[in-house]
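Chemist: no sequence on this one, just coordinates:
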């Protein structure tokens, strides 16, 4: 939406002082936004090696004529549409406008001419920009970051005529506005001055009006971000408390494993092999795509790690569409770490959105391994370097119900890797979590009907509206904490036996432990029954609400 309100929202006309120009840089990942921002400001204000899903703001003065505010917005993968882009990225795109209040004079769409703009990447550009609103094209100028194309073509017009059909369409959406910027020649300020003069002409053509996001959209994004940050903080606090409790519970030598056997699974291009190499301490770039399950081992700290990397499936494919060879190799992976893996590492990329289609595909492919696979599974988020500036908990909370359902099935066991980092603590932290999981599995065993519960919960999640999800969350928060003391007490009663995979007999405990847990269980059950009776009418209303959706 365009603003036609106050005079202060027009370009400054006083030629005796610097004019304010507020610009938002838009574009896909690795298109050169940071480098372009540095060229405009004439300094190294933007770190083009720092990949984030947030906005970066820099200020500078150009030619003594303009005070420039530059907002670098996060990029999207050039072949993905908005429904596959992270929610955090899409919300940051909307919020970029508010970071240059009262509004930006221009959006600069950065296009790298070294990469040909195909039809799919062109549609991706169009759909991502239109998240900002219909009027965005009236305020956009295409900034052509030139490169090796100069060796082949005399002019940009010739380039677009021969190879730039999609680019020409996008430039036409911007009423033909474009500019060439050579980032290899930062000392040339003329190219920057001409760019800012073009922006002034565009603003004048718009009647001096600045761009504004629809108020309802902006408020909704602000509300969602506040909610995400609140829930992420709560999740991080709970996760830390859980880790501290487990570390204290299993601090004795008896719970330590000299050897850990891992099976790594996930979809193709999720980062499985990078994760496997990181765990084993293998330098990046030495291995290629995994076609067959393969056992490798390495001494990692105090653990001898045996690891099987399995072939990936296509991320949206159903099990029936996956080649038989891939399915057999995944099954073969279990036998390679005989008598069985201590843990399944399910690798999920944090660089793209997680959808219900991903959830269905994962569930089907993981069913190849074992009916109770989820009690042995830990979710590992890869490529967390691509969400720099945010936490993995913010990623989890922003992506919504499908990802959160998957984590609940894994008892909220998750870990994150920055694959470009050589920090050894991210690996030792993972192996500690696996050790604790193995110790817990020696006591707590999932119900045989767990697979049926999965289907029921997934079906409910599919059908639930945002209002229904809010009501469920309210009930979960109400019950939270009632059973924590009981569960933690049970965890502390570990069976002192050599085989820690599972147990066939009830856990051994002293008379004092037995009586204490019996009292806690009885109290908890009474509280649950009382609560159910007190809220039975509300539960009835809730069921009625769901049935009418």
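Modeler: Structure received. Nothing here was measured: the structure is a model prediction, and the numbers come from that model.

Chemist: Tell me who's in contact with the residue nearest in space to the middle of the chain.
Modeler: Residue closest to the mean C-alpha point of the chain, counted by Cα atoms, centre = their mean, is residue 350 at 3.6 Å. Residues in contact with residue 350, defined by Cβ atoms under 8 Å, 6 or more residues apart in numbering, are 381-384, 386-387, 392, 395, 416. In this view, the C-beta of every residue, glycine as well, is placed from N, C-alpha and C.

Chemist: can you rerun that using 7 Å?
Modeler: If you count contacts by Cβ atoms under 7 Å, 6 or more residues apart in numbering, residue 350 has them with 381-384, 386-387, 392, 395.

Chemist: now the helices for the stretch 201-350 of the chain?
Modeler: Applying DSSP state H, counting those that start in this stretch to the stretch 201-350 of the chain gives helices spanning 215-249, 272-280, 324-336.

Chemist: For the protein, name the helix or strand with the lowest mean pLDDT.
Modeler: The least trusted helix or strand in the chain, going by mean pLDDT, DSSP states H and E, turns out to be helix 536-547, with a mean of 41.

Chemist: sorry, back to before: for the helices of the stretch 201-350 of the chain, give me CSV that also has mean neighbour count and mean pLDDT.
Modeler: Written out in CSV, the entries for the helices of the stretch 201-350 of the chain read as follows (neighbours: other Cβ atoms under 10 Å; pLDDT from 0 to 100):
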stretch, mean neighbour count, mean pLDDT
helix 215-249, 14, 95
helix 272-280, 23, 93
helix 324-336, 16, 94
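
Chemist: could I get the ones you listed as JSON lines with distance to residue 80?
Modeler: JSON lines is the format used below for the helices of the stretch 201-350 of the chain (distance: least, Cβ to Cβ, whole Å):
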{"stretch": "helix 215-249", "distance to residue 80": "20"}
{"stretch": "helix 272-280", "distance to residue 80": "20"}
{"stretch": "helix 324-336", "distance to residue 80": "23"}
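
Chemist: which residues of the stretch 301-450 of the chain fall in strands?
Modeler: Residue ranges of the strands in the stretch 301-450 of the chain, as given by DSSP state E, counting those that start in this stretch, are 303-309, 343-349, 377-382, 414-416.

Chemist: Which one of the ones you listed lies nearest to residue 267?
Modeler: With Cβ to Cβ, the closest approach to residue 267 among the strands of the stretch 301-450 of the chain belongs to strand 343-349: 8.2 Å.

Chemist: roughly how far is the closest one from the heart of the chain?
Modeler: Per Cα atoms, centre = their mean, to the nearest Å, the displacement of strand 343-349 from the mean C-alpha position of its chain is 15 Å.

Chemist: Please enumerate residues in contact with that strand?
Modeler: Counting by Cβ under 7 Å, 6+ apart, residues outside strand 343-349 touching it are 262-266, 270-272, 275, 354, 362, 369, 373, 376-383, 434, 437.

Chemist: name the element residue 77 belongs to?
Modeler: When secondary structure is defined using DSSP states H and E, no element contains residue 77, which sits outside every helix and strand.

Chemist: Can you report how many residues neighbour the residue nearest to it when sequence neighbours are not counted?
Modeler: Leaving out its chain neighbours, the residue that sits closest to residue 77 by Cβ to Cβ, 6 or more residues apart in numbering is residue 29, at 5.9 Å. The local packing of residue 29 (other Cβ atoms under 10 Å) involves 15 other residues.

Chemist: any idea how far residue 427 is from residue 29?
Modeler: In this view, residue 29 and residue 427 are 27 Å apart by Cβ to Cβ, to the nearest Å.

Chemist: got it, and residue 41?
Modeler: Counting by Cβ to Cβ, the gap from residue 41 to residue 427 is 39 Å.

Chemist: Can you list the low-confidence ranges for the stretch 101-250 of the chain?
Modeler: Flagging of the stretch 101-250 of the chain using pLDDT under 70 yields the residue ranges 114-116, 147-156, 159, 163.

Chemist: Could you report the pLDDT at residue 15?
Modeler: If you check residue 15, the pLDDT there is 41.

Chemist: burial measure for the residue nearest to residue 63 when sequence neighbours are not counted, as a count.
Modeler: Distances taken as Cβ to Cβ, 6+ apart place residue 193 nearest to residue 63, at 5.4 Å, with adjacent residues excluded. For residue 193, the number of neighbouring residues by other Cβ under 10 Å comes to 14.
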